[in-house]
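Colleague: How does the following fold in three dimensions:
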Amino acid sequence: MFDETGWSDRAFSPAETYARVSSLLPGFGITRVARHTGLDRIGVPVWCAYTPNAKSIVVAQGKGLTDEEARTSAVMEALERCVAASPHADIVHTTARVLRRAGKRFDMLPCLIAAGRSPPRDDEPISFVVGTDLVSGDDIHVPLDAVTLDRTLIDCRYWQSSDGLASGNTLNEAVFHGLNERIERDAYVLWQVSSAGARQSSCVDPGSIERPELSSLVASIEAAGCVLRLFDMTSDIGVPSFNALIAPIDVLSARNPRFVTVNYGAGTHPSAARAMIRAVTEAVQSRMTFISGSRDDIYPPVYNRPLPGETQTLLKVNSAVPLKPYRRNDGWPSAANSGTILDTLKQMELGPVIAVPLSEPALPFAVAKVLAPKLENPEGRRAQRFGQRALAKGSFG
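Modeller: Residues are numbered from 1 along each chain as shown. Just a heads-up that it's a prediction; the model follows:
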């Protein structure tokens, strides 16, 4: 599944995946699919899928090394959001106390409680869905509101997020993508709370991994008059993780640069090259977000927000000296799959890792929500901003 000649992890080619799902798009409210690539001089493929009556954002974006990859990525992103808004799952309305007395495993996910809200009481009836703890194989109940993505809910007790939400041709494929995303978000938070010196010294040379796809991306960015900075944020878990910053080269000397001129992307994958590619293409996709103005969750004041000085400093890192070459963590196989990653999480006592299927089994694609309560969560309106891993990292480096 993870051959070293390509960089897609799908069980079918992007064209085959699109053919499998395209006839279903109207039924999910997806009305248009558009190519945005030509709006930016970088030229890396970026597509969008539109769902006018979506319960979260209307526009879903997708990126890739080819138009077929980007189009399929956008469509799958839109589908997973549609499914997560109205998941197909067996819902159990009960209390934590009843589940405990029945010997059922459950996790109330206190780390995902929304800001200003309190966790459910032990005797308070709420809606649960059943997932699987991928570490132990046990069934485990979790609150429905923690896996749903429906921005129309008023005063939702749980933080609504697409973090860990993923799709694929198969459930295993969706879980693999969701698992990588959770590790990516955890790694980024840990990188953020590390010292400024540690962040700056993590800058690496994308040319230290010889892959033509990566070299082509870097060449396209530089030809467009932009600068790329790539940072190795791989955590103690060991799965290669990177974040990328892209900006016009004049931002390096600008006196009052704007926030929107610098764009961020991140990627995690057992293959370091693929993790780098994902980080860079996501940064290009983020840049397209502001160029196109198509995202309905980006408001006008964002375009006038000043660029944080720290971000400008990161762009200047190693601008006058050769970048540090990347050295992967010896012993981590680039052909790893979900099982390999889960074995590592188990050894590190970072379970449970919960996968909740959200789509109807009869569909030619699968959507899952992956929850990893002991890993860090991205910034959001939650009662708990940081978990134990970030608190320890911030305190001790």
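
Colleague: So for stretch 89-99, first residue to last residue, what's the gap.
Modeller: 18 Å (CA to CA, to the nearest Å).

Colleague: Show me the contact partners of it.
Modeller: Contacts to stretch 89-99, defined as CB atoms under 8 Å, 6 or more residues apart in numbering, come from residues 105-106, 108, 120, 122-130, 141, 144, 147, 356-358. Using the backbone N, CA and C atoms, a C-beta is placed for each residue, glycine as well.

Colleague: Show me what counts as buried in that stretch.
Modeller: 89, 92, 94-96, 99 (16 or more other CB atoms under 10 Å).

Colleague: Which residue ranges of the stretch 201-350 of the chain form strands?
Modeller: For the stretch 201-350 of the chain, the strands defined by DSSP state E, counting those that start in this stretch cover 203-205, 226-232, 241-248, 263-268, 324-325.

Colleague: and the worst-scoring helix or strand of the chain on mean pLDDT, which strands flank it?
Modeller: One helix or strand of the chain scores below all others by mean pLDDT, DSSP states H and E: strand 324-325, with a mean of 78. Partner strands and pairing direction for strand 324-325 (DSSP bridges) are strand 203-205 (parallel).

Colleague: which of the residues in the strand it pairs with are buried?
Modeller: 203-204.

Colleague: Let the chain start at 626 from now.
Modeller: New numbering, starting at 626: the last item is strand 828-830.

Colleague: hmm, back to that, I'd like the strands of the stretch 826-975 of the chain written out as TSV, with distance to Gly918 added.
Modeller: Formatted as TSV, the strands of the stretch 826-975 of the chain follow (distance: least, CB to CB, whole Å):
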stretch	distance to Gly918
strand 828-830	31
strand 851-857	19
strand 866-873	18
strand 888-893	14
strand 949-950	36
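
Colleague: Single out the most deeply packed of the ones you listed.
Modeller: Most buried of those, by mean neighbour count (mean count of other CB atoms under 10 Å): strand 866-873, with a mean of 25.

Colleague: I'd like the distance from Met913 to Phe801, if you could.
Modeller: 26 Å (CB to CB, to the nearest Å).

Colleague: Do you have the helices of the stretch 776-925 of the chain handy? List them.
Modeller: 796-817, 821-826, 837-848, 897-917 (DSSP state H, counting those that start in this stretch).

Colleague: quick one: contacts for the closest residue to Asp692 other than its chain neighbours?
Modeller: Distances taken as CB to CB, 6 or more residues apart in numbering put Pro670 closest to Asp692, at 4.9 Å, once the chain neighbours are dropped. Counting by CB under 8 Å, 6+ apart, Pro670 touches 660, 662, 688-692, 694-695.

Colleague: now the farthest one out in this structure, which residue is it?
Modeller: Arg726 (36.4 Å; CA atoms, centre = their mean).

Colleague: related to what we said a few turns ago, out of the buried residues of stretch 714-724, which comes closest to Ser841?
Modeller: Distances from Ser841 to the buried residues of stretch 714-724, taken as CB to CB, are shortest for Ala714 (41.7 Å).

Colleague: And for the residue nearest the centre of the chain, nearest residue in space, chain neighbours not counted?
Modeller: For the chain, Glu806 is the residue whose C-alpha lies nearest the centre (CA atoms, centre = their mean; 4.3 Å). Nearest-residue entry for Glu806: Gly789, 5.8 Å, with adjacent residues in sequence omitted and distances by CB to CB, 6+ apart.

Colleague: Tell me how many other residues surround the one you found.
Modeller: 25 (other CB atoms under 10 Å).

Colleague: okay but it is in contact with Ile808, surely?
Modeller: No. Between Gly789 and Ile808 there is no contact under CB atoms under 8 Å: 10.0 Å.

Colleague: any shared contact partners between the two?
Modeller: Ala997.

Colleague: so where's this structure shaky on pLDDT?
Modeller: Flagging of the chain using pLDDT under 70 yields the residue ranges 626-633, 944-948, 953-961, 1020-1022.

Colleague: switch to 50 and redo it
Modeller: Applying pLDDT under 50 to the predicted model, the residue ranges of the chain that meet it are 626-631, 955.

Colleague: Not counting sequence-adjacent ones, nearest residue to Gly892?
Modeller: Arg903 (2.7 Å).

Colleague: Now do the strands in the stretch 626-775 of the chain.
Modeller: 657-660, 671-675, 684-688, 716-719, 751-758, 764-768.

Colleague: Compile these into CSV and extend it with columns for distance to Pro831.
Modeller: Compiled in CSV, these are given as follows (distance: least, CB to CB, whole Å):
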stretch, distance to Pro831
strand 657-660, 26
strand 671-675, 19
strand 684-688, 16
strand 716-719, 46
strand 751-758, 37
strand 764-768, 38
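
Colleague: Quick check: which of the ones you listed is nearest to Lys994?
Modeller: Of those, nearest to Lys994 by CB to CB is strand 751-758, at 7.7 Å.

Colleague: Mind listing what's buried along that closest one?
Modeller: Judged by neighbour count using 16+ other CB under 10 Å, the buried positions of strand 751-758 are 751, 753-758.

Colleague: List just the nearest of those to Ile874.
Modeller: Looking across those and measuring by CB to CB, the closest to Ile874 is Gly756, at 46.5 Å.

Colleague: For Ser984, which residues are in contact?
Modeller: 708, 712-713, 792, 990-993.

Colleague: List buried residues within those.
Modeller: For the contacts of Ser984, buried by 16+ other CB under 10 Å: 708, 712, 792, 990-993.

Colleague: So which of those are in strands?
Modeller: 792, 991-993 (DSSP state E).

Colleague: Provide the contact partners of stretch 695-706 at residue level.
Modeller: Contacts of stretch 695-706 (CB under 8 Å, 6+ apart): 635, 639-640, 642-643, 646-647, 649-650, 653, 655, 658, 660, 662, 670-676, 679, 681-682, 685-689, 774, 787, 790-793, 799, 990, 992.

Colleague: repeat that with 6 Å
Modeller: Applying CB atoms under 6 Å, 6 or more residues apart in numbering, the external contacts of stretch 695-706 come out as 639, 642-643, 655, 670-674, 676, 681, 685-689, 774, 790, 792, 992.

Colleague: Now the buried members of those.
Modeller: 639, 642-643, 655, 670-674, 676, 681, 685-689, 774, 790, 792, 992.
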